[in-house]
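Colleague: build me a structure from this.
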Amino acid sequence: MPEIQRNIIDELNTTTESWRTFRILGEMVNAFDTLNDIEQHCISIFGSARVKPDAKEYAETVAIAKGLAEAGFGIISGGGPGIMEAANKGAVEGGGPSIGLHIFLPHEQNCNEYVRIRCNFRYFFTRKLMFVKYARAYVVMPGGMGTLDELCEAFVLAQTKRIKPFPIILYDSSYWKGLVDWLRASMVSRGFITASEIDKYSVMLDTPDEVVSYISRYVL
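Modeller: This is a model prediction of the structure:
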């Protein structure tokens, strides 16, 4: 394990709760100072860190991010490998701001080489705040539990009007259809959510061009 990650894990295990509060505030202040200077509207892109560079999802993420950057948007990713790397790569190729919200983890993940504006985090919840605060739309690529966490966070914040609603795009309907069908069959049928909420806060798209066109119409 790299020395910096080992030190951070030790700090998380030994820092008192009171002093940890100052570390959290410090992360937030540093991120605000870094990201407040970005003039472009930004799009947050999520997805699996385990996607390989030769995968279809990687190439499509590069195309989405490049198209959005060429349309005038900045790109925010988690700064790590997989989909995050592809998003930052596309931002660089499209000439837009390439932002990485990098979190130190014990077993993964190194910051990818395409990040040009970097914020470092120890805590997931401060990192998620920055994803939401500076995004005008979310593009949720296929991914695992971390991707679902980000998706649900954005959906609930929009649903409860804690943030201004923005597009949450579920990319690749063949991947997300099962989840959306379950939401309709289980949650809607039992009155835990309404069908109109699902339709209002999320949309499934299947090509990079569709994503760029949809976000450009909605945001610009």
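Colleague: which other residues reach stretch 65-72?
Modeller: 40-41, 43, 45, 75, 86-91, 93-98, 208-209, 211-212, 215-216, 220 (Cβ atoms under 8 Å, 6 or more residues apart in numbering). The way it works is simple: take the backbone N, C-alpha and C, and place the C-beta from them, glycine included.
Colleague: could you pick out which of those are located in helices?
Modeller: 86-91, 93, 208-209, 211-212, 215-216 (DSSP state H).
Colleague: which one of those is nearest Phe104?
Modeller: Closest approach to Phe104 among these (Cβ to Cβ): Asn88, at 17.5 Å.
Colleague: before we move on, the earlier item: which PyMOL command selects the buried ones in the contacts of stretch 65-72?
Modeller: This is how PyMOL selects the buried members of the contacts of stretch 65-72, with burial counted by 16 or more other Cβ atoms under 10 Å:
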select buried, resi 41+43+45+75+86+87+88+89+90+91+93+94+96+97+98+208+211+212+215
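Colleague: and whichever helix or strand Asp33 is part of, what's buried?
Modeller: Asp33 is part of helix 17-35 when elements are defined by DSSP states H and E. For helix 17-35, a neighbour-count test (16+ other Cβ under 10 Å) marks Glu27, Met28, Ala31, Thr34, Leu35 as buried.
Colleague: now do the same for stretch 67-85: mean pLDDT, whole number.
Modeller: Across stretch 67-85, pLDDT averages out at 96.
Colleague: nope, stretch 99-110 is what I was after
Modeller: pLDDT averaged over stretch 99-110 gives 80.
Colleague: got it, and stretch 145-159?
Modeller: Here the average pLDDT along stretch 145-159 is 92.
Colleague: quick one: pLDDT of Pro2?
Modeller: For Pro2, pLDDT reads 57.
Colleague: should've said Thr14
Modeller: 55.
Colleague: same check on the one 10 residues further on?
Modeller: According to the model's per-residue confidence, Ile24 sits at a pLDDT of 90.
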